[in-house]
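Colleague: Got a predicted structure here, sequence first:
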Amino acid sequence: MLRLDDIDAGYGAVAVLHGLTLSVASGEVLCVMGRNGAGKSTMLKAIIGQIRAGAGTITLDGMRIDGLPAHQVPRHGIGYVPQGRRLFGGLTVAENIEIGLMTRRRDVRVREKVLALFPRLRERMGQMARTLSGGEQQMLAIARALCLEPKVLLLDEPTEGLQPSMITLIRDTVLTLKAEGVATILVEQRVDAALSVADRLAFMVGGRVAEVLDAGGLTPDAPAFARHVGV
Amino acid sequence: MRADRGLFLHLGVLAALLALHVLAPPYHHTNLARIMVLAVYAMGYNIAFGYTGLLSLGHALFFAAGLYAAGLLVYHAGAGAPVAMIAGVLAGGAVAVAVGLLALRTAGVAFMIVTLMFAQAGYLTILYFGAWTRGDEGIVIPRAARMLGGLDLSDDNTRYLVALGLFALALLGNLALVRSPFGRVMVAMRENEERSRMLGYNPFTVKLGALAISGLYAGLSGAAYGLMFGYVGASLASVQYSILPLLYVLLGGAGTVLGPLLGALVMFYLIDYASSLTDAHQFVTGAALVALVLFAPRGILGTLRARGLRWLP
């Protein structure tokens, strides 16, 4: 579904990704792990078009998306939940969701489907996004991305700083989306969280994918985690 | 329920302005007509600045586009006031789009400077073509040309009611705009352009649309100002007329629909009162604005909204 082939990208003169190659299939959860500075978030920004790939190609269902203006990438079915949630803090929960919905002119059905995943948001519709708890903000950030009905969902450390019940909710949401055929690239630092949802694990080192493993049968004490993540 | 409260408040303000038509003494009656026309201009400015986050220093150009499109058509081509009014509105919008196509390639301080330069170029153009525009001296629109349908705009009562009608149209249009999907996206753009882009919005298109609507408002106000008060002059295209709507909006509350009216009202009477006390009235108004920025940086209605009236549109 989504393929990155030999991608070079970075920030101005600072190169971060060096020939990165990766793919994720429909209904698959690919968990990307690596130490700080390995290029995980940069890879997601390259996919969504926030930074330009200097070399290589990014394709979605065979169509190149690496040359598209950044605002057109989500319209092709890529939802992105950045690290730190990045909500519109001065708008209400309802308005944040509405803005997510409007891009593809989706109807009430999508809104209801999204709210069914996060019933707590329904109780907070009139509340300013900046006044929500951390977990609720993460729910809203994911809900807003799902309003696009994405084929591919990019999640950048969604469990960071959340309490266990919220982490479970996010895991269940990812698994529900997987069952619906959504491809997910999940950047995650927590080994247990990664193993609970991932089909495959990609370990990044120095802007490249150093190793890809099937998650089935892996345990938290597998050598790959010590080698690439430092746990 | 929240939507109803907002609508009722705005209808109540319009009803109060209608009551003032009967109740206000002649001096304030004339002032209020002028304030309502200027408030339409400030409302347009608020759409760009308060809702979309575009801090322009060149809105005098859009106001002047409406003013001169209407004034020159009436003065040189003998057009009627309705045609002049429509031409003024369209001129304001068209000039805003033309400026926006270039200026929106910049952001922040650069956007302020580029818009200021455009407005200054417009001001100098008006002076340069003095044979047509009569430069600083300006054009006095004859009373006979100030007829809108059967309405004599030089008559105080008629002028007040027409000003109120245009203001009501602009106010309710503004309310509908900020509650529309496009209005939400304008606010999202103000909050964070990059986040909006991640959701599939093209910031350039959204900001250009907002600037165009802002220009239509400024053009309407400019055309109405010229036709109602009978004067079209270069002073109305000066930098002061780019700063005024910014002050009105800051004072009343950026990003509130009624803020521009309140800001225009307070500022108009503050200047009026200060000038009755001293020739250095700008010092008094300046001090008041400094106090406002220090103690109520959100403006009057912005502060009220932050302190509990969250439903205020």
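Modeller: Great, that's in hand.

Colleague: Isn't B:A96 up against B:A210?
Modeller: No: under the criterion of C-beta atoms under 8 Å, B:A96 makes no contact with B:A210, lying 9.5 Å away. Heads up, the C-betas are built off the backbone N, CA and C, glycines and all.

Colleague: Can you name the residues of chain A that neighbour chain B?
Modeller: Applying C-beta under 8 Å from any C-beta of the partner chain, one finds that chain A approaches chain B through A:48, A:50, A:69-75, A:80, A:82, A:86-91, A:95, A:98-100, A:102-104, A:126, A:144, A:148.

Colleague: now with 6 Å?
Modeller: Within chain A, the positions near chain B by C-beta under 6 Å from any C-beta of the partner chain are A:70-71, A:74-75, A:80, A:86, A:88, A:90, A:95, A:98-100, A:102-103.

Colleague: would JSON lines of those residues with secondary structure and neighbour count be doable?
Modeller: Converted to JSON lines, these look like this (DSSP: H, G, I helix; E, B strand; the rest coil; neighbours: other C-beta atoms under 10 Å in any protein chain shown):
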{"residue": "A:A70", "secondary structure": "helix", "neighbour count": "18"}
{"residue": "A:H71", "secondary structure": "helix", "neighbour count": "20"}
{"residue": "A:P74", "secondary structure": "helix", "neighbour count": "23"}
{"residue": "A:R75", "secondary structure": "helix", "neighbour count": "16"}
{"residue": "A:Y80", "secondary structure": "strand", "neighbour count": "27"}
{"residue": "A:R86", "secondary structure": "coil", "neighbour count": "17"}
{"residue": "A:F88", "secondary structure": "coil", "neighbour count": "25"}
{"residue": "A:G90", "secondary structure": "coil", "neighbour count": "15"}
{"residue": "A:E95", "secondary structure": "helix", "neighbour count": "19"}
{"residue": "A:E98", "secondary structure": "helix", "neighbour count": "18"}
{"residue": "A:I99", "secondary structure": "helix", "neighbour count": "25"}
{"residue": "A:G100", "secondary structure": "helix", "neighbour count": "28"}
{"residue": "A:M102", "secondary structure": "helix", "neighbour count": "18"}
{"residue": "A:T103", "secondary structure": "coil", "neighbour count": "17"}
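
Colleague: still on that earlier bit, between B:A96 and B:A210, who's got more neighbours?
Modeller: Neighbour count, other C-beta atoms under 10 Å in any protein chain shown: between B:A96 and B:A210, B:A96 has more, with 30 against 27.

Colleague: Confirm for me that that one is in contact with B:A212.
Modeller: Yes: using C-beta atoms under 6 Å, B:A96 makes contact with B:A212 at a distance of 5.3 Å.

Colleague: just the strands in chain A please.
Modeller: A:2-11, A:14-24, A:29-34, A:53-60, A:63-64, A:78-81, A:152-156, A:183-187, A:200-205, A:208-214 (DSSP state E).

Colleague: what residue ranges in the chain score low on pLDDT?
Modeller: Using chain A. A:85, A:104-106, A:231 (pLDDT under 70).

Colleague: Switch to chain B, please.
Modeller: B:1-3.

Colleague: Nearest the middle, which residue of it would you pick?
Modeller: B:Y41 (1.1 Å; C-alpha atoms, centre = their mean).

Colleague: any idea which element it lies in?
Modeller: helix B:26-46 (DSSP states H and E).

Colleague: Distance check, B:G108 against B:R190.
Modeller: 13 Å (C-beta to C-beta, to the nearest Å).

Colleague: More neighbours: these two, which one.
Modeller: B:R190 (21 against 9).

Colleague: ok but that one is inside a strand, no?
Modeller: No: going by DSSP: H, G, I helix; E, B strand; the rest coil, the assignment for B:R190 is helix, not a strand.

Colleague: wait, it sits on B:L54?
Modeller: No: with contact defined as C-beta under 6 Å, B:R190 does not count as touching B:L54 (8.4 Å).

Colleague: Now do the buried residues in the lengthiest helix in chain A.
Modeller: Looking across chain A with DSSP state H, the single longest helix is helix A:164-179. Neighbour counts over helix A:164-179 (16 or more other C-beta atoms under 10 Å in any protein chain shown) mark A:M166, A:I167, A:L169, A:I170, A:R171, A:T173, A:V174, A:L177, A:K178 as buried.

Colleague: Let's verify the residue in chain B that chain A sits nearest to: helix, strand, or coil?
Modeller: When distances are taken as C-beta to the nearest C-beta, chain B reaches nearest to chain A at B:G200, 3.7 Å away. The local conformation at B:G200, judged by three-state DSSP, is coil.

Colleague: related to what we said a few turns ago, which elements pack onto the longest helix of chain A?
Modeller: helix A:191-197 (3 or more C-beta pairs under 6 Å, 6 or more residues apart in numbering or on different chains; DSSP states H and E).

Colleague: Flag every buried residue along the helix it packs on.
Modeller: So helix A:191-197, judged by 16+ other C-beta under 10 Å, has buried residues A:V191, A:A193, A:A194, A:L195, A:S196, A:V197.

Colleague: One more: stretch A:132-149?
Modeller: Going by 16+ other C-beta under 10 Å, stretch A:132-149 has these buried residues: A:132, A:135-149.

Colleague: B:G122 and A:G206: what is the separation?
Modeller: Separation of B:G122 from A:G206 (C-beta to C-beta) stands at 55 Å.

Colleague: Which one's more surrounded, these two?
Modeller: B:G122 (21 against 13).

Colleague: The closest residue to that one other than its chain neighbours: helix or strand, and which one exactly?
Modeller: Of all residues not flanking B:G122 in the chain, B:L61 sits nearest, at 4.2 Å (C-beta to C-beta, 6 or more residues apart in numbering or on different chains). Per DSSP H and E: B:L61 is located in helix B:59-77.

Colleague: what angle do that helix and helix B:26-46 make?
Modeller: If you take axes from the mean of the first three to the mean of the last three C-alpha atoms, to 10 degrees, helix B:59-77 sits at 120 degrees to helix B:26-46.

Colleague: Packing partners of the helix or strand just after helix B:59-77?
Modeller: Tracing the chain past helix B:59-77, the next element assigned as helix or strand by DSSP H and E is helix B:81-103. Under the contact criterion of 3+ C-beta pairs under 6 Å, 6+ apart, helix B:81-103 touches helix B:59-77, helix B:108-128, helix B:203-229.

Colleague: change it to 7 Å
Modeller: Using 3 or more C-beta pairs under 7 Å, 6 or more residues apart in numbering or on different chains; DSSP states H and E, the elements in contact with helix B:81-103 are helix B:59-77, helix B:108-128, strand B:147-148, helix B:203-229.

Colleague: still on that earlier bit, list the buried ones in the helix holding B:L61?
Modeller: By 16+ other C-beta under 10 Å, the buried positions in helix B:59-77 come out as B:59-75.

Colleague: same deal with stretch B:176-190?
Modeller: In stretch B:176-190, counting by 16+ other C-beta under 10 Å, buried: B:L177, B:V178, B:G183, B:R184, B:V185, B:M186, B:V187, B:A188, B:M189, B:R190.

Colleague: Which residues lie in contact with residue 148 in this structure?
Modeller: Defaulting to chain A. A:P74, A:G79, A:G100, A:T103, A:R104, B:G200 (C-beta atoms under 7 Å, 6 or more residues apart in numbering or on different chains).

Colleague: wait, I meant chain B there
Modeller: Contacts for B:L148 (C-beta under 7 Å, 6+ apart) come out as B:A81, B:P82, B:M85, B:V162.

Colleague: Ignoring the adjacent residues along the chain, who's closest to the third one?
Modeller: Pointing back at B:M85 there. B:A223 (5.0 Å).

Colleague: Confirm for me that that neighbour is in contact with B:A64.
Modeller: No: with contact defined as C-beta atoms under 7 Å, B:A223 does not count as touching B:A64 (10.5 Å).
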